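> Take a look and give me a structure for this.
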Amino acid sequence: MRILIIEDNEKLAKSIKKGLEQEGYAADYLLDGETGQRRIEANSEDYDLIILDLMLPKTDGLTVCKNWRKRDILLPIIMLTARDTTEDKILGLDCGADDYLIKPFSFDELAARIRALLRRPVAVMPVGLSRHGINLNSVTRRVSYFDVEIKLTLKEYSLLEYFMRHPGQVLNREQILNSLWDFAFDSFSNIVDVHVKNLRKKFAKNDGKKLFETIHGVGYRFKE
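Just a heads-up that it's a prediction; the model follows:
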């Protein structure tokens, strides 16, 4: 999952970004409302959730949120603010925000609210995935291969889940980078190839190369 943070306090924005990455998310941050609004209007498909500060330079969070909703951009939004009156909460929710968090807040609470908003109905986004002897639980993040638990890094886990949710589809490197790494990541890096190689090693019992097929000149495909 990829998250955009729009927060003018750069120290706080960096702290949230670091915490999210430790939780296994990809995250970017921007420091003003105008830039944030443009980023989402141009690249809404690249993100799964937005953390939006209420008081922002150039364009405030309420206006940004309203403008997105008018354009039918329906990404989940958590609004951050130092204002704690009932009226302010109502304003935030009425403009289209999905949740409202008052500063100062604990990162654990923010993470819990993110998880709640990112949940999908089981029929659309199943918690458990099982293919070719691999069993993955997206809640516990436990992965087993023919009933043997496999230890994965956060990025290896995220990449495996991404593959398992798109079986049989050819995924190019840019798609994978956009989904699992932050916006500023070097698209010419071989980081995707390195992680696929590591997955193949860890799932070599049934020939990992066949599970994670290389499509030369394009990217990769997970066996359907």
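> so what's S15 up against?
By CB atoms under 8 Å, 6 or more residues apart in numbering, the contact set of S15 is F107. Glycine gets a C-beta too; all of them are placed from N, C-alpha and C.
> Endpoints of stretch 37-53, how far apart?
12 Å (CA to CA, to the nearest Å).
> from the middle of its chain, how far away would that stretch be?
Here stretch 37-53 is found 11 Å from its chain centre; the criterion is CA atoms, centre = their mean, to the nearest Å.
> Check which residues of it are buried.
Q37, R39, I40, S44, Y47, D48, L49, I50, I51, L52, D53 (16 or more other CB atoms under 10 Å).
> So which of these sit within strands?
Mapping the buried residues of stretch 37-53 onto strands (DSSP state E) picks out L49, I50, I51, L52, D53.
> Check which element follows the lowest-mean-pLDDT helix or strand in the chain along the chain.
Least confident helix or strand of the chain, by mean pLDDT, DSSP states H and E, is helix 208-211 with a mean of 75. Next along the chain after helix 208-211, taking DSSP states H and E as the criterion, comes strand 212-215.
> Parallel or antiparallel, list what pairs with that next one.
When pairing is defined by DSSP bridges, strand 212-215 lines up against strand 219-222 (antiparallel).
> can I get the CA coordinates of the partner strand in PDB?
Taking C-alpha atoms only, strand 219-222 is exported to PDB below (Å, rounded to 0.1, in the frame of the first residue of the first chain):
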ATOM      1  CA  GLY A 219       8.900  -7.400 -16.100                       C
ATOM      2  CA  TYR A 220       7.500 -10.400 -14.200                       C
ATOM      3  CA  ARG A 221       4.500 -12.600 -13.900                       C
ATOM      4  CA  PHE A 222       3.400 -14.800 -11.000                       C
END
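> Mind checking the pLDDT average for that strand?
Strand 219-222 shows a mean pLDDT of 90.
> Stretch 75-86 now?
Mean predicted confidence for stretch 75-86 is 85.
> Pull out the buried positions in that stretch.
Those would be L75, P76, I77, I78, M79, L80, T81, for stretch 75-86 by 16+ other CB under 10 Å.
> helix or strand for F163, which one?
helix 154-164.
> Report the next helix or strand after that helix in sequence order.
strand 170-172.
> Could you export the helix or strand that that next one is followed by as CSV, CA atoms only?
Where DSSP H and E defines the elements, the next helix or strand beyond strand 170-172 is helix 173-180. Extracted in CSV, the C-alpha atoms of helix 173-180 (Å, rounded to 0.1, in the frame of the first residue of the first chain):
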residue,chain,number,x,y,z
ARG,A,173,9.1,-2.8,-13.1
GLU,A,174,7.6,0.6,-13.1
GLN,A,175,4.2,-0.7,-11.9
ILE,A,176,5.9,-2.6,-9.1
LEU,A,177,8.1,0.4,-8.1
ASN,A,178,5.0,2.7,-8.1
SER,A,179,3.1,0.4,-5.8
LEU,A,180,5.8,-0.6,-3.3
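> what does the helix or strand following helix 173-180 rub up against?
The helix or strand immediately downstream of helix 173-180 is helix 191-202, counting by DSSP H and E. Outside helix 191-202, the residues that touch it by CB under 8 Å, 6+ apart are 145, 150, 152-153, 155-156, 159-160, 173, 176-177, 181, 185, 208-209, 211-212, 214, 219-220.
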